[in-house]
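1. What shape does this take:
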Amino acid sequence: MQPSFSIVPSEQPAGVRPRLPEWLRRALPTSDTFAKTRGLLSELNLNTVCQSAKCPNHWECWAKGTASFMIGGDRCTRACGFCAISTLKPQALDDTEPDRVAEAASRMQLRHVVVTAVARDDLQDGGAAHFARTIQAIRERSPSMIIEVLTPDFLLKTSAIDCVLEAKPHIFNHNMETVRRLTPAVRSRATYDRSLAVLEMVRRRASYRVYTKSGLMLGLGEQEQELMDTMHDLRGVDCDILTLGQYLQPTLKHLPVQEFVSPERFDRYGEQGRAMGFCHVASGPMVRSSYHADAFNANEAEQKTPAG
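-> The predicted model follows:
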């Protein structure tokens, strides 16, 4: 018999965001490091997904001296229902940005850096070459740093994915975001099958051992079996790393929260993911794609990865 786990319905009236359950409330950290991180990002004129996407963890991450860099500008060519990033007309790429990201990562003495980007469907390569230049700039300054990229789907262009892979990031992340049924409402222009195909293409075309990663937000109205199906689909394309976190509505203009999933349920999903064969699973209410990304240990992962 399966144990019961609670789901707290949001019971959200129109135009009002629901009150957060206790497990999602956090005191803001007080740290000189927070101000130093903010100052460095401002000095180098860098965008972070922490700020642009209104990530609830950015206070904690900046206080610890970490950040997820967002390249390609702060304007996205898509308008996903969950995302707070601006959808104004994108600006031209800044050729100095890769070096500025590399400088920031070096000065912050990061062990593991995460680089993401807005979707740039206006560019022929979707911004892939800009990703590659950023990876190369980081590696030149910090040869031992683990480099993780969180990419858009590049409209499944083989040349774009190859371009990023040629720069050899250690981890290639592309998020599914939600289950198949909810994808049309949650993600602008993206499709469920295309995202799976991106991860499969990365695995198939990489000339080296790259770890693939994907994440989902919970609380958008998905059913448990739908989540299990998506997790199985990810394992079907040999995805290595999985993140599961609670969706939080960034503004009243975005999709409402349908439910708050309890920490106990997240723990159970994490156990089920590890049993499916993911070599690393981060599952919890405050988990985001890049939150505590440096907790992933490639050596430990290799020992956990099933043979064959």
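2. just the strands in the stretch 1-150 of the chain please.
-> 7-9, 47-48, 68-71, 112-117, 146-150 (DSSP state E, counting those that start in this stretch).
3. Break down the stretch 201-308 of the chain into its strands, ranges please.
-> According to DSSP E, counting those that start in this stretch, the strands that the stretch 201-308 of the chain contains are 211-218, 241-246, 259-261, 280-283.
4. Out of the strands of the stretch 1-150 of the chain, point me to the one whose mean pLDDT is lowest.
-> If you rank those by mean pLDDT, strand 7-9 sits at the bottom with a mean of 45.
5. thinking again about what came up before, can I get the strands of the stretch 201-308 of the chain in a markdown table including mean pLDDT and mean neighbour count?
-> Just so you know, the C-beta spots here come from the backbone N, C-alpha and C atoms, and that holds for glycine as well. Below are the strands of the stretch 201-308 of the chain laid out as a markdown table (pLDDT from 0 to 100; neighbours: other CB atoms under 10 Å):
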| stretch | mean pLDDT | mean neighbour count |
| --- | --- | --- |
| strand 211-218 | 96 | 24 |
| strand 241-246 | 96 | 24 |
| strand 259-261 | 95 | 23 |
| strand 280-283 | 95 | 22 |
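6. Serialize the strands of the stretch 1-150 of the chain to a markdown table and add fields for distance to Pro250 and mean neighbour count.
-> As requested, these are exported to a markdown table (distance: least, CB to CB, whole Å; neighbours: other CB atoms under 10 Å):
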| stretch | distance to Pro250 | mean neighbour count |
| --- | --- | --- |
| strand 7-9 | 19 | 14 |
| strand 47-48 | 15 | 23 |
| strand 68-71 | 15 | 25 |
| strand 112-117 | 16 | 24 |
| strand 146-150 | 18 | 23 |
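7. Make TSV out of those strands and add distance to Tyr247.
-> Listed next are those as TSV, based on distance: least, CB to CB, whole Å:
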stretch	distance to Tyr247
strand 7-9	13
strand 47-48	20
strand 68-71	18
strand 112-117	18
strand 146-150	17
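8. if we can go back for a sec, wait, which of the strands of the stretch 201-308 of the chain is closest to Ile85?
-> Among the strands of the stretch 201-308 of the chain, the nearest to Ile85 by CB to CB is strand 211-218 (14.8 Å).
9. what angle sits between the closest one and strand 241-246?
-> Angle of strand 211-218 versus strand 241-246, following axes from the mean of the first three to the mean of the last three CA atoms, to 10 degrees, is 20 degrees.
10. Number of residues surrounding Ala206?
-> Close neighbours of Ala206, defined as other CB atoms under 10 Å, add up to 19.
11. OK, contacts around the nearest residue to it once chain neighbours are set aside?
-> The shortest distance from Ala206 to any non-neighbouring residue, by CB to CB, 6 or more residues apart in numbering, is to Leu165 (5.2 Å). By CB atoms under 8 Å, 6 or more residues apart in numbering, the contact list for Leu165 reads 172, 202, 205-207, 210.
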